[in-house]
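A.B. asks: Here is a sequence together with a model predicted from it:
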Amino acid sequence: MQGGVGLLRLCALPRLLHLFRALPPAATLGFAEKADQATLDSYEKFLTAKLITQPQQTQAALPTRLGGSGLLRFRGLRAQAWLGSWLGTLPAVRALAGERLASAEVCTQGQEGWAVALREATEELAAEGVYLDHTGTVSGEEPAQPWGWADGTPALAQRQRLLSRRRAEASRTRLLTTLPPAARARLRSCGGPGAGAWLLAAPTSNATRFKDAEFRVYSRLRLRVPLGLGGPTDRCRNRRTGDPLEEEPPGVAGRECQKPLDADGFHALTCRVGGLVIRRHHAIRDVFAWIGRAAGYVSSTEVFEPAWTRARVDAQGEVEVEQARLDCRFAGPPSDPLVYGDVVVTHPEGSARLHAAADADGAAAAGAADDKHRRYPASLLPGGRLVPFSVETFGRWGAEARGWLRDAVDAVAERDPQVAAAGHWGKVAVLNAWFTRLSVALQKNNAACVLQAGRICGSADLGGESGWEEDIDDLLREAAAAAGWSDFEV
């Protein structure tokens with residue numbers, strides 16, 4: 001399934017873009033609607049579920065960095081494709097066909113079909129809060145002097161991408177105003193640098209490969225598609241492992257949690273019984289330790305730091321010593337400060353952070369990072385510092401975690417001449433690879449939490465089959481018929 005969705009998003013859909021750049025929007029409307037429906041049908045087949053609500057369909061069409069699934073919606077792409085094509089080729093058209101054919105007057109007042117289409121595309125974008133000023137800058141506010149197709153203007157590169165980005169941001173803003181707080185918090189948590197890297201991961205190794213059930217579960221969670229849980233008899237099936245960090249389950253029958261499950265996966269993603277929440281934490285910790293070693297640090301895990309040990313009073317009123325055990329320790333050259341990293345996965349839909357997470361991107365991760373700094377104050381460790389590796393359940397990383405990763409990339413560039421020779425894009429490639437490893441580790445473990453809590457075994461337990469088996473059977477029969485095998489059976 002992971003490979004199929006990747007092929008749909010990265011190969012099948014982009015091939016249609018050239019058509020929308022070459023023809024005016026009115027000429028491609030019917031084709032765009034059919035292409036959008038075919039895309040939706042294909043993705044629903046992968047999910048084995050229908051995207052029945054407009055918010056689900058809108059989110060699926062958003063870029064991954066905005067919390068979407070990266071599926072192009074061609075009906076909403078035609079205007080910027082046509083406009084961007086002309087902005088990038090206008091000087092060449094004027095040079096080849098003469099200034100008068102595509103002069104500023106013709107572009108702004110002419111009745112030629114292509115000129116009318118340019119003005120209609122500009123109006124369509126303006127209606128959604130996307131503007132182009134007289135310098136060719138894309139903005140979200142109406143400019144005092146709009147773009148006028150002035151004679152002698154240079155080619156404007158990548159305007160389709162910039163216009164599409166701004167239009168997607170406007171679409172996300174409108175979507176957020178229609179959602180309840182929990183849904184807003186989830187949408188915000190799905191976006192940001194690296195949050196959707198798992199959707200772009202190529203299944204080339206165990207570190208970046210999903211099983212079909214894992215990919216399907218988390219794709220549904222991202223879009224708030226029901227998981228087939230949350231019925232009156234659905235109870236959490238997580239079993240105790242004996243770890244003291246687990247919470248007590250109600251009752252002792254079967255040693256299962258037995259708390260009610262919900263359709264949105266809230267309990268499954270936060271249940272501390274069964275050890276999967278702890279395993280999720282440790283998986284992210286281990287990836288950060290691996291990144292530290294790749295950056296040239298001496299990395300160690302589960303390290304005690306005496307400077308942050310403290311005494312506290314427990315529930316019985318007795319004084320106990322709380323050891324400071326940090327997830328990662330990164331030691332570099334003597335000139336570098338000692339760095340501790342501590343992982344925290346926070347759920348943006350939890351009651352403690354719900355309202356802040358619903359109103360601002362990254363509020364839950366920022367709040368969790370602040371809690372870590374209060375527990376491990378810098379004043380108690382001169383010459384050292386703590387970096388909270390805070391991440392929200394659905395993938396958004398805290399600012400300090402992202403900053404540490406960028407610093408680690410710089411360290412790699414200093415040590416690796418190949419990365420250094422590639423310049424900016426070499427660093428981007430390394431950073432994206434790290435984000436992918438972290439994102440896949442997080443979402444594989446999120447999916448495991450849901451699969452174990454609900455004892456979900458396959459597509460049928462998620463509320464439907466994919467139907468790909470029937471497609472394969474039909475393909476084999478057609479091949480047999482073409483070969484003249486009349487007695488062939490599947």
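C.D. replies: Arrived safely. Residues are numbered from 1 along each chain as shown.

A.B. asks: what's around the spatially closest residue to residue 219 that is not a sequence neighbour, how many residues?
C.D. replies: For residue 219, ignoring the flanking residues on the chain, the nearest one in space by C-beta to C-beta, 6 or more residues apart in numbering is residue 47 at 5.8 Å. Using the backbone N, CA and C atoms, a C-beta is placed for each residue, glycine as well. When neighbours are counted by other C-beta atoms under 10 Å, residue 47 registers 25.

A.B. asks: Quick check: residue 47 touching residue 222?
C.D. replies: No. Assessed by C-beta atoms under 8 Å, residue 47 is found out of contact with residue 222, at 10.3 Å.

A.B. asks: Show me how far stretch 300-314 is from its chain's centre.
C.D. replies: Its chain's C-alpha centre and that of stretch 300-314 lie 34 Å apart, by C-alpha atoms, centre = their mean, to the nearest Å.

A.B. asks: And the average pLDDT for that stretch is what?
C.D. replies: With pLDDT averaged residue by residue, stretch 300-314 scores 89.

A.B. asks: which outside residues touch that stretch?
C.D. replies: Contact with stretch 300-314 is made by 285-286, 289, 319-329, 331, 340, 375-377, 380-381, 384, as judged by C-beta atoms under 8 Å, 6 or more residues apart in numbering.

A.B. asks: and with 7 Å instead?
C.D. replies: Contacts with stretch 300-314, where a contact means C-beta atoms under 7 Å, 6 or more residues apart in numbering, come from 285, 289, 319-329, 340, 376, 380-381.

A.B. asks: Which among these count as buried?
C.D. replies: For the contacts of stretch 300-314, a neighbour count by 16 or more other C-beta atoms under 10 Å gives the buried set as 285, 289, 324, 326, 327, 328, 329, 340, 376, 381.

A.B. asks: Can you pull the poorly scored residue ranges out of the stretch 251-400 of the chain?
C.D. replies: The stretch 251-400 of the chain contains residues with pLDDT under 70 at 251-254, 334-335.

A.B. asks: And the helices in it?
C.D. replies: In the stretch 251-400 of the chain, the helices defined using DSSP state H, counting those that start in this stretch lie at 266-270, 276-294, 354-359, 363-375, 399-415.

A.B. asks: Name the residues of the second one that come out as buried.
C.D. replies: Neighbour-count burial for helix 276-294 flags 276-277, 280-289, 291-292, 294 (criterion: 16+ other C-beta under 10 Å).

A.B. asks: now for it, which elements pack on it?
C.D. replies: Counting by 3 or more C-beta pairs under 7 Å, 6 or more residues apart in numbering; DSSP states H and E, the packing neighbours recorded for helix 276-294 are strand 298-304, strand 325-331, strand 338-346, strand 384-392, helix 399-415, helix 417-453.

A.B. asks: The third one now?
C.D. replies: Helix 354-359 sits against helix 181-189, helix 363-375, with contacts defined as 3+ C-beta pairs under 7 Å, 6+ apart.

A.B. asks: swap in the fourth one?
C.D. replies: Using 3+ C-beta pairs under 7 Å, 6+ apart as the contact criterion, the neighbours of helix 363-375 among helices and strands are strand 338-346, helix 354-359, strand 384-392.

A.B. asks: Not counting that helix itself, show me its contacts.
C.D. replies: 189, 342, 344, 346, 348, 353, 356-357, 386, 388, 390-392, 396-400.

A.B. asks: relative to strand 384-392, how tilted is it?
C.D. replies: Between the axes of helix 363-375 and strand 384-392, defined by axes from the mean of the first three to the mean of the last three C-alpha atoms, to 10 degrees, the angle is 150 degrees.

A.B. asks: quick one, helix 363-375 and helix 399-415 angle?
C.D. replies: Per the same axes, to 10 degrees, the angle that helix 363-375 makes with helix 399-415 is 80 degrees.
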